[in-house]
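Q: Predicted model follows, preceded by the sequence.
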Amino acid sequence: MLKSRTFHAEGAPIHYVESEGDGSPLVLLPGGGNRWQALMPLIPALSLRWKTYALDWRGCGASGHLPGTYYPRHFASDVEMFLRDIVGSPAILFGHSLGGWVALMMATALPQKVRAVVLGDPPLDFEYFCTWATGPITSFWADTQEIASADLSLCDLAARLAELPLPGQDPSSRYGDAVDAISLLSMAKDLASMDPTLLDPLLHHVEEYVGDVPLGEVLRGAQCPVLLVQADREAGGFNADSDVTRALSLLPRGSSVKLEGEGHFLGLDSWNVAPLLRSIVGFAESLLNAAAAPSSS
């Protein structure tokens, strides 16, 4: 069973859930604009072994809205307070996309509270990311922002989403043709609880947004073990093999695994998370085993 909790950061309530038990802490950080429920496919298995937490970002889900404060540095500030004041003991962090950036920032800024990090396809080539973020996806974000600003029921939100043009595809293609009804309802719930201004930095200030993340500095500064879970770029992942190689050259204790055939969401959107779970659990278990191993004389 998960318990719903709230803590206060910079004037806004930040919502999170935690599993029962007293295992070692494992904190799950979702992608940008996602509620904690995006990570629900991972929680049942992880909670068998770890005290598992998952957060709603400010401006998302059951967390408070703070317009104008939706840059990586603001999300990182919330997570830093969470690790200090709520979790307490050193935790393993799993961060998907934006969550991966924040996890790296924490590993560098708060090393005494971060035991290890698992990165779920965070963009590592900022030039590529900025090109993508200013391409066809921009119109889709603008449309979803408009929908989120409207006072619509969940079913009406899902219906409006289904009719949106599919980014980068034939103008007659619709978003509802590419995703199923459950995915539409899940995204509608994201939008129903989201502060529409959450998308402003990506729509209007994307270079400033990524500039919040000193990527080389946080990669070099992450002294804990780091596992980079790479999505398949051919299936929609952000990182090429060369991006991962470059990141590993900077990480003091880095390793990687590639999930062939999985796009940016690493199976979270379809609940096909067995390969992702294997990566997280295998990595985390190796840390526990290393800690338990007797020292040689």
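A: Now that the structure is in, tell me what you want to look at.

Q: contacting residues around the nearest residue to residue 35 once chain neighbours are set aside?
A: Closest residue to residue 35 apart from its sequence neighbours, by C-beta to C-beta, 6 or more residues apart in numbering: residue 61 at 3.6 Å. Glycine gets a C-beta too; all of them are placed from N, C-alpha and C. By C-beta atoms under 8 Å, 6 or more residues apart in numbering, the contact set of residue 61 is 15, 35-37, 190, 193.

Q: Let me know the secondary structure of residue 61.
A: Taking DSSP: H, G, I helix; E, B strand; the rest coil as the rule, one finds residue 61 in the coil state.

Q: buried set for whichever strand or helix holds residue 17?
A: According to DSSP states H and E, residue 17 maps onto strand 12-19. The neighbour-count check on strand 12-19 (16 or more other C-beta atoms under 10 Å) flags 12, 14-19 as buried.

Q: Using a markdown table, lay out those together with pLDDT.
A: Formatted as a markdown table, the buried residues of strand 12-19 follow (pLDDT from 0 to 100):
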| residue | pLDDT |
| --- | --- |
| 12 | 87 |
| 14 | 97 |
| 15 | 98 |
| 16 | 98 |
| 17 | 98 |
| 18 | 97 |
| 19 | 97 |
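
Q: between those residues, which is closest to residue 207?
A: Comparing the buried residues of strand 12-19 against residue 207 with C-beta to C-beta places residue 12 closest, at 25.8 Å.

Q: In space, what's closest to that closest one - neighbours in sequence excluded?
A: Residue 12 sits nearest to residue 64 (C-beta to C-beta, 6+ apart), 3.3 Å away.

Q: what's the answer for residue 140, then?
A: residue 167 (4.5 Å).

Q: And the one you found, how far from residue 180?
A: According to C-beta to C-beta, to the nearest Å, residue 167 stands 18 Å off from residue 180.

Q: Which one of those two is surrounded by more residues?
A: residue 167 (17 against 11; other C-beta atoms under 10 Å).

Q: ok, and the more buried one, which helix or strand is that part of?
A: Going by DSSP H and E, residue 167 is not in any helix or strand.

Q: Model confidence score at it, please.
A: At residue 167, the model reports a pLDDT of 88.

Q: which residue ranges form the strands in the stretch 1-150 of the chain?
A: Along the stretch 1-150 of the chain, the segments classed as strands by DSSP state E, counting those that start in this stretch run 2-9, 12-19, 25-29, 51-55, 91-96, 114-120.

Q: helices and strands around the strand holding residue 17, which ones?
A: Under the contact criterion of 3 or more C-beta pairs under 8 Å, 6 or more residues apart in numbering; DSSP states H and E, strand 12-19 touches strand 2-9, helix 43-47, strand 51-55, helix 72-82.

Q: Could you single out the most deeply buried of the ones you listed?
A: Comparing the helices and strands packed on strand 12-19 on average neighbours per residue, with mean count of other C-beta atoms under 10 Å, the densest one is strand 51-55 at a mean of 25.

Q: And the helices in the chain?
A: Counting by DSSP state H, the chain has helices at residues 43-47, 72-82, 98-109, 126-133, 137-149, 154-162, 175-178, 181-193, 200-204, 206-211, 215-221, 241-250, 274-292.

Q: I'd like to know which of those is closest to residue 26.
A: Among the helices of the chain, the nearest to residue 26 by C-beta to C-beta is helix 43-47 (5.9 Å).

Q: Only alpha carbons, please: show that closest one as CSV.
A: C-alpha atoms of helix 43-47 as CSV (Å, rounded to 0.1, in the frame of the first residue of the first chain):
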residue,chain,number,x,y,z
ILE,A,43,6.6,0.6,-7.8
PRO,A,44,5.1,-2.9,-6.9
ALA,A,45,8.3,-4.7,-7.7
LEU,A,46,10.6,-2.1,-6.2
SER,A,47,8.6,-1.8,-3.0
